[in-house]
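# give the three-dimensional model of this entry:
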Amino acid sequence: MTFSDDNKAYHALFQHSSLGIIISDEEGFINKVNPFANRLFGYEENELVGQKIEILIPQSIKGKHVSYRASYNKQPSPRPMGVGMDLRAARKDGTEFPVEISLAVYEADGKKQILSFISDITVRKKAEEALKQLNIELEAKVQERTNELSQAILELQHINASLSQAEEDARQAYEKERELSELKSRFVSMASHEFRTPLSGILTSASLIGRYYALADKEKRDKHINIIKASVQSLTNILNEFLSLDKLEQGRVECHPSHFVLVDFAEELVGELQSLSHREGPIFYEHRGERGSVKLDKEMLRNVLINLLSNAMKYSSTDKPIYVTTELREMAVTLTIKDEGIGIPQEEQKHLFERFFRAPNALTIQGTGLGLNIVKRYLDLMNGSIHFASRENVGTTFTVMLPRELNV
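As a prediction, the model looks like this:
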């Protein structure tokens, strides 16, 4: 097969093209190869003519290529270079290289001829691979920098957290120191006041007893002996409060629940305090609900009620009444102590259960400022709670709530 004189332009294009051009028939036999294709595959001129096209296909895919070629021959169509197939080809020496192939079909002498345009894309593949590798390296570096930055951020967060914790520890230490200093000042002030009064009474009465003893005045001697007894009892009460608070703070106080009848317990306690006091005003007691038993720490509850009732008597006029109410329900116990005394200033109420706290309007009345703090701790141990409502110069109502059955 030769080109006619009319096809000189096509012949020149075929001979001098920078693409490999191979013409084969439907059976895959090569009819013509341009010089560039011979050089590309490493063959001499006309060495490929008459050979099957599969001679240029790597051994690993020759079988598949035969079926691809048969399928193409059934429905042949042009395949532009831009969407050509990305394949691998084999040189004469067996080396493989990447190629891009475009196909076209034409007829010559009544037979279909397949035009294959072959481009060596080795350089492009290397560039793509280099670019891919570069992207991998760049991504790795970006990831490395990201990890370093994340680590730096974590370290900064840890440092900030440590600084914040250190600041918080320092603040708490300062607050604790300030609180201890304030408690110390309150304690010194309270102790100097509370101990001075009974000690002065003891000293004065002891001196007078000697004088009245010489005069054989028994009535006056007995009076001052009673003053000494009352003063000693006052000191004992103060020391007992200190000891109770110390045991509570060290966790050395435990609940020991037992069954007892609430009404009998309350009536006995109210009667006892009423008989010991020198008040003109009565203590009214009322019970609501069933008259059944409860299971609580009897001694703790006794201390709670004595403290609340003593406060009601202490901070009320001697002629004012005090109201005590107990209520027993299926699952709960409620105790209420109401007085018409001096009340608690609104701005001071938030401090009421703090150690050594005493409201300004109560400073002239004997007290340690520990009682309500101890009450609150006892109630916490019995899973109870305490609330109050108070108005200055009107009175105060304390409400205690406890479970009916305490299991520890």
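
# all strands for the stretch 1-150 of the chain, in order.
All strands of the stretch 1-150 of the chain, identified by DSSP state E, counting those that start in this stretch, fall at 20-25, 30-33, 85-90, 96-108, 111-120.

# compare those and say which comes out lowest on pLDDT.
Within the strands of the stretch 1-150 of the chain, the stretch with the lowest mean pLDDT is strand 85-90, showing a mean of 79.

# returning to what we had before: and residue 381, which of the strands of the stretch 1-150 of the chain is closest to it?
Ranking the strands of the stretch 1-150 of the chain by their distance to residue 381 (criterion: C-beta to C-beta) puts strand 85-90 first, at 83.5 Å. All C-beta spots, glycine's among them, are computed from the backbone N, C-alpha and C.

# that older thread, redo the strands of the stretch 1-150 of the chain as CSV? Include distance to residue 62.
Below are those laid out as CSV (distance: least, C-beta to C-beta, whole Å):
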stretch, distance to residue 62
strand 20-25, 15
strand 30-33, 15
strand 85-90, 9
strand 96-108, 12
strand 111-120, 16
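
# redo those strands as TSV? Include distance to residue 151 and mean neighbour count.
Converted to TSV, the strands of the stretch 1-150 of the chain look like this (distance: least, C-beta to C-beta, whole Å; neighbours: other C-beta atoms under 10 Å):
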stretch	distance to residue 151	mean neighbour count
strand 20-25	54	20
strand 30-33	61	20
strand 85-90	42	15
strand 96-108	42	16
strand 111-120	47	17
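
# so which of those strands gets nearest residue 351?
strand 85-90 (85.0 Å).

# give me the number of neighbouring residues for residue 11.
Residue neighbour count, defined by other C-beta atoms under 10 Å, stands at 14 for residue 11.

# now do it against residue 36, distance only.
According to C-beta to C-beta, to the nearest Å, residue 11 stands 14 Å off from residue 36.

# neighbours of residue 340, just the number please.
One way to gauge burial is a neighbour count; for residue 340, by other C-beta under 10 Å, it gives 19.

# meant to ask about residue 352, not that
Using other C-beta under 10 Å as the criterion, residue 352 is surrounded by 19 other residues.

# equivalent analysis for residue 307, please.
When counting by other C-beta under 10 Å, one arrives at 19 neighbours for residue 307.

# go on, residue 157?
Around residue 157 sit 10 other residues, with neighbours defined as other C-beta under 10 Å.

# to residue 322, which of the strands of the stretch 1-150 of the chain lies closest?
Shortest distance between residue 322 and the strands of the stretch 1-150 of the chain, using C-beta to C-beta, is found for strand 85-90: 102.3 Å.

# now for the strands of the stretch 1-150 of the chain, which one comes closest to residue 358?
Distances from residue 358 to each of the strands of the stretch 1-150 of the chain were compared using C-beta to C-beta; the minimum, 93.9 Å, belongs to strand 85-90.
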